[in-house]
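Trainee: Sharing a model prediction with you, sequence too.
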Amino acid sequence: MGLAALGDRLIDLTVPGSEVPGHKANRKSDTLDSTPGAGDRNKYVRNDRTPTMLYAVAFILLSQDRPEPDWLPVLDAPKQLSHSLTIAPPANPGPKLVIKGRVLMADKSPAAGVTLYFHHTDARGIYPRPSGADPRKWDYWHGTLRGWLRTDAQGLYELRTTRPAPYPGNSDPAHIHVYGLVPGSRTGVYFSDIVFQGDTLLTKAYWDRVRRNGLETYPGVQLSRGEDGVMSGSRVFTLPRKESDTLVLLPQSPPRLLFSQ
């Protein structure tokens, strides 16, 4: 049995409080080569509560054949995209959710033609993995709840999906990962996750961590429920002033295996 296959059979490699690989930034980077495997290898900052051997096994299993950095899927966007994306509901869906908003340049002018890539968990807090997924491809790591859109001339976008749940163990609030790519660039941009007001996991410690990682802090998306039962809210994303401000996400603790087939 290969390491990736063995990893599929392990439900949780770490103690409560550990995080999913590739979701936290801890340094700025130069412009990166966009091919899988380029740049720094994923590094894990050891959680002192995690036994050394367990940490080592987690690192090996989760780094086996893993493409990187996490913004690479934004380069795989289809050529023909609209400003609206609908992600099909999974087998375990949360409530229907619509997030609308705008992407702005650093000077607050509309950012037209920006590609946005989203991915998130299902109602169990798990990234649903397609059967037979290849660990060299991103649907193996990001699951099936993912997709792309491209902002219109006014920088507007619309995401239609289902509300995610926090990871098992409630290590992080419910969130949607967002990556961007400006026209003509080959380096992805990270934005702070879409999170939701009222989530009890939106603690001061969480926002302090976001701030330390150099990402934007905000109150969280305020959701309202329409007569049709659909939850809706808005989020504005602001691009960095220059490409060298782009952040590379390096995980800060050993990962969990949060996937299902």
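Mentor: Nice, I can see it.
Trainee: Determine the three-state secondary structure at Tyr167.
Mentor: For Tyr167, the reduced secondary structure class is coil; criterion used: DSSP: H, G, I helix; E, B strand; the rest coil.
Trainee: Tell me the pLDDT of it.
Mentor: Per-residue pLDDT puts Tyr167 at 95.
Trainee: From Asp193, how far off is the nearest residue to Pro95 once chain neighbours are set aside?
Mentor: Spatial nearest neighbour of Pro95, excluding adjacent residues (C-beta to C-beta, 6 or more residues apart in numbering): Arg163 at 4.9 Å. Bear in mind the C-beta positions are built from the backbone N, C-alpha and C, glycine included. With distances taken as C-beta to C-beta, to the nearest Å, Arg163 is found 13 Å from Asp193.
Trainee: check which helix or strand covers His177.
Mentor: Using DSSP states H and E, His177 falls within strand 176-181.
Trainee: CA atoms only for that strand, dumped as CSV, please.
Mentor: Output in CSV follows, covering the C-alpha atoms of strand 176-181 (Å, rounded to 0.1, in the frame of the first residue of the first chain):
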residue,chain,number,x,y,z
ILE,A,176,-14.4,29.2,2.4
HIS,A,177,-10.9,29.4,1.0
VAL,A,178,-10.3,32.1,-1.7
TYR,A,179,-7.4,32.6,-4.0
GLY,A,180,-7.0,35.2,-6.8
LEU,A,181,-5.1,35.8,-10.0
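Trainee: Give the rounded mean pLDDT of the strand or helix carrying Val210.
Mentor: Element membership of Val210 [criterion: DSSP H and E] is helix 204-212. Model confidence over helix 204-212, given as mean pLDDT, is 95.
Trainee: ok, now stretch 221-235?
Mentor: For stretch 221-235, mean pLDDT is 97.
Trainee: what's the answer for stretch 75-87, then?
Mentor: For stretch 75-87, the per-residue pLDDT values average out at 94.
Trainee: same question, stretch 174-183
Mentor: The predicted model gives stretch 174-183 an average pLDDT of 95.
Trainee: Buried ones in that stretch, by neighbour count?
Mentor: For stretch 174-183, a neighbour-count test (16 or more other C-beta atoms under 10 Å) marks 174-182 as buried.
Trainee: Quickly check these for the two that are furthest apart.
Mentor: Farthest pair in the buried residues of stretch 174-183 (C-beta to C-beta) is Ala174 and Val182. Separation: 27.8 Å.
Trainee: With respect to Leu159, which of the buried residues of stretch 174-183 is nearest?
Mentor: Within those, proximity to Leu159 (C-beta to C-beta) peaks at Ile176, which comes in at 7.7 Å.
Trainee: which ones are touching that closest one?
Mentor: When contacts are counted by C-beta atoms under 8 Å, 6 or more residues apart in numbering, Ile176 touches 99, 118-120, 159, 161, 164, 193-194.
Trainee: Beta-bridge partners for it, please?
Mentor: Beta-bridge pairing of Ile176 under DSSP bridges involves His120, Ile194.
Trainee: same deal with the one 5 residues further on?
Mentor: Beta-bridge partners of Leu181, counted by DSSP bridges, are Thr115.
Trainee: Check the gap between it and His120 for me.
Mentor: When Leu181 is compared with His120 (using C-beta to C-beta), they lie 19 Å apart.
Trainee: repeat for Arg235
Mentor: When distance is defined by C-beta to C-beta, Arg235 is 13 Å away from His120.
Trainee: Tell me how many other residues crowd the closest residue in space to His175 that isn't next to it in sequence.
Mentor: Leaving out its chain neighbours, the residue that sits closest to His175 by C-beta to C-beta, 6+ apart is Asp193, at 3.7 Å. Asp193: 20 surrounding residues under other C-beta atoms under 10 Å.
Trainee: my guess is Asp193 meets Pro166, correct?
Mentor: No. Here Asp193 lies out of contact with Pro166, judged by C-beta atoms under 8 Å, at a distance of 11.5 Å.
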